[in-house]
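**Q** I would like the atomic coordinates for the input below:
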Amino acid sequence: MSADAVSSMPAWLRLGRVSNLPTVLSNALAAALLGAAAGGQALSSADLAALPPLMLSMCLFYVGGMYLNDAFDREIDARERPQRPIPSGEARAPTVFACGFGMLLAGWLLLGLYGNDHSRFYGALLASSIVLYNVWHKNNPCSPLLMGACRALLCLCVGSAFAGGTPPLLCLAAALLLAHIVGLSHAAKQESLDRIGALWPLAVLGLPPLAYGLLALVRFIPDGAPQAWQTLTLAALLAIALAAALALAAARLLKRSAPGAVGQAVARMIAAVSLLDGLALAACLPQPAPAAILGCVAAYFATRFLQTYIPGT
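**A** As a prediction, this is how the structure comes out:
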């Protein structure tokens, strides 16, 4: 590898916010299992073979969207965040645009190969939402909702490929993921100012753990079987872990003791997406999936580790 390539690699990694990719993988894993469960079946060997390409497709959508975010925001970043790769001269805007749109196209084509008509439809909506968000998120009060829709559509892209449609369980998971992203996106809008405005929109972050906790109680307490109590305990532990992670992030927002505190809090909230995925699996699957839930927890820690080297915002 040439010296130029080595020197440019950190810039391209920062452009894609690749430290957050473990959360995309846990989103896809949770969506696949929930989609299969909603369809009344476990993942077959063919499903398992299709899952890695679908995960790669979602990673391409995510990184492509992040590239376009920097490309469209290059003039604002030149004023507010001149250290970003494009205004600092580490990357050229035309190249970033080409890579961003190219990855969106590659993600949709890959989704088309391994998905179905439903997932291809949601993939087209996802690509459109990503572009719309990047074009129209500054000074747009609805931009957190647009960002949340992008993550929710990611869930629907993968889940519908295994469910053969859009069952209510998958819609619930997508809606609660949207709520989480809306809350953290509200905070992210203030990162360049290193402050947070009104705190009440962050209250939606509490909705997903509350909803999944109530769902687990309704589903498992009437059962009374030892396995049901074990599953309920696991769901409770994940809900507590998610609430603790969000509380630590909220404390950073409120304290703001040092420059960059808002960005650090938002990064914690992004990582907590994987804990939310694990909670969704614990609360919603008819049969326990400890390996998948452990994978979601591992994705949380992987994201936090990677964020120490590559900023997540």
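**Q** Helices of the stretch 201-313 of the chain, start to end?
**A** Under the criterion DSSP state H, counting those that start in this stretch, the stretch 201-313 of the chain contains helices at 207-220, 226-255, 261-284, 290-307.
**Q** in the first one, what counts as buried?
**A** Along helix 207-220, these residues count as buried under the neighbour rule (16 or more other Cβ atoms under 10 Å): 207-209, 211-213, 215-216, 219-220. C-beta: built from backbone N, CA, C; applies to glycine.
**Q** Save those residues as TSV, and put in distance to Leu146 too.
**A** Below are the buried residues of helix 207-220 laid out as TSV (distance: Cβ to Cβ, whole Å):
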residue	distance to Leu146
Leu207	18
Pro208	19
Pro209	23
Ala211	22
Tyr212	24
Gly213	28
Leu215	27
Ala216	30
Arg219	32
Phe220	35
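**Q** pLDDT wise, what is the nearest residue to Tyr300 once chain neighbours are set aside at?
**A** Spatial nearest neighbour of Tyr300, excluding adjacent residues (Cβ to Cβ, 6 or more residues apart in numbering): Ser274 at 4.1 Å. For Ser274, the model assigns a pLDDT of 97.
**Q** Could you pull up the mean pLDDT of stretch 250-266?
**A** In this model, stretch 250-266 has an average pLDDT of 75.
**Q** Equivalent analysis for stretch 306-313, please.
**A** 89.
**Q** Any chance you could list what contacts that stretch?
**A** Residues from elsewhere that reach stretch 306-313, judged by Cβ atoms under 8 Å, 6 or more residues apart in numbering: 10, 13-14, 17-22, 188, 191, 263, 266-267, 270-271, 303.
**Q** pretty sure Cys99 contacts Gly65?
**A** No - Cys99 is beyond contact range of Gly65, at 11.4 Å (criterion: Cβ atoms under 8 Å).
**Q** Looking at the two, which is more packed in?
**A** Gly65 (24 against 19; other Cβ atoms under 10 Å).
**Q** what about the more buried one, distance to Leu132?
**A** Distance of Gly65 to Leu132, given as Cβ to Cβ, to the nearest Å: 11 Å.
**Q** returning to what we had before: out of the helices of the stretch 201-313 of the chain, deepest packed?
**A** Of all the helices of the stretch 201-313 of the chain, helix 261-284 has the most neighbours on average by mean count of other Cβ atoms under 10 Å, namely a mean of 26.
**Q** Can I get that one as PDB, trimmed to CA atoms?
**A** Presented in PDB, the C-alpha positions along helix 261-284 are these (Å, rounded to 0.1, in the frame of the first residue of the first chain):
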ATOM      1  CA  ALA A 261     -19.400  16.800  25.200                       C
ATOM      2  CA  VAL A 262     -22.400  16.900  23.000                       C
ATOM      3  CA  GLY A 263     -20.700  14.800  20.300                       C
ATOM      4  CA  GLN A 264     -19.500  12.300  22.900                       C
ATOM      5  CA  ALA A 265     -23.000  12.000  24.200                       C
ATOM      6  CA  VAL A 266     -24.400  11.400  20.800                       C
ATOM      7  CA  ALA A 267     -21.800   8.800  20.100                       C
ATOM      8  CA  ARG A 268     -22.900   6.900  23.200                       C
ATOM      9  CA  MET A 269     -26.500   7.100  22.000                       C
ATOM     10  CA  ILE A 270     -25.600   5.700  18.600                       C
ATOM     11  CA  ALA A 271     -23.700   2.800  20.200                       C
ATOM     12  CA  ALA A 272     -26.800   2.100  22.400                       C
ATOM     13  CA  VAL A 273     -28.700   1.200  19.200                       C
ATOM     14  CA  SER A 274     -27.200  -2.300  19.500                       C
ATOM     15  CA  LEU A 275     -28.500  -2.700  23.000                       C
ATOM     16  CA  LEU A 276     -31.900  -1.800  21.700                       C
ATOM     17  CA  ASP A 277     -31.600  -4.500  19.100                       C
ATOM     18  CA  GLY A 278     -30.700  -7.000  21.800                       C
ATOM     19  CA  LEU A 279     -33.700  -5.900  23.900                       C
ATOM     20  CA  ALA A 280     -36.000  -6.300  20.800                       C
ATOM     21  CA  LEU A 281     -34.800  -9.900  20.400                       C
ATOM     22  CA  ALA A 282     -35.300 -10.700  24.100                       C
ATOM     23  CA  ALA A 283     -38.700  -9.200  24.300                       C
ATOM     24  CA  CYS A 284     -40.200 -10.300  20.900                       C
END
